[in-house]
Structures are given as C-alpha cells and as structure tokens.
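Enquirer: Return a 3D structure for these sequence lines:
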Amino acid sequence: MATNNPHRLEFIVSEHSVYTEGETFPVWDCIANIVHQLTSIRIFYGQDYGIAESYVSKKGQRIMVLEFKEAETAMIVKLHGVKKVNE
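Expert: The predicted structure follows:
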C-alpha cells in the first residue's frame, strides 16, 4: 500500500532492525532506530511526526508508516535518507 500522501513515508521494518524473530520486537527496534536517526537531525517524534500505521504488505514485509505534520519535513527526511542496518 504505497502512499502518495506527501506527509507520509513508509519504511520496511526488516531493513531498519537487526532482529528477525518475533512479531513485535523487530518493530520496536525499527522505531528506535528511525527515531534516533531523525532526532539527530533535529526532527522530533511527537512534535514533527508520529506513527500512522503498521501493516504487512502483499510481499509479506512488515511496513511502518510515519506521518509528518509538514510535508516539507517529510521531504527533508526523504532527501536526507534513513540508514538501513546493513549500510
């Protein structure tokens, strides 16, 4: 369910967590990893964005969707990039 909403960005959980076992722990690790990276560029959880939803794609991948209050902030994150765990 790719989004065309300029306020939303989607992340594949397995690309942002070192954990592969279990239903919830990889999601928590992914959230912590992304929040840490965004905080380092002064974009703050609760103030600038929140978690909109999490779902399993047709390919079986867990997706986490962040929704930013300003579309411009989402674009900054998209251009800056969020490092994956294997990069």
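Enquirer: what helix or strand does the residue lying closest to Phe44 once chain neighbours are set aside sit in?
Expert: Counting by CB to CB, 6 or more residues apart in numbering, Phe44 lies nearest to Leu38, which is 7.4 Å off, once chain neighbours are set aside. Where C-beta positions appear, they are placed from N, C-alpha and C, glycine not excepted. Using DSSP states H and E, the element containing Leu38 is helix 25-40.
Enquirer: Only the buried residues of that helix, if you could.
Expert: Within helix 25-40, the residues scored as buried using 16 or more other CB atoms under 10 Å are 26-27, 29-31, 33-35, 37-38.
Enquirer: Work out which residue lies at the spatial centre of the protein.
Expert: In the chain, the residue lying closest to the centroid (CA atoms, centre = their mean) is Phe11, at 4.3 Å.
Enquirer: How far off centre is stretch 44-55?
Expert: Mean-position distance between stretch 44-55 and its chain equals 8 Å (CA atoms, centre = their mean, to the nearest Å).
Enquirer: Oops, could you answer that again for stretch 74-85 instead?
Expert: How far stretch 74-85 lies from its chain's middle: 9 Å, per CA atoms, centre = their mean.
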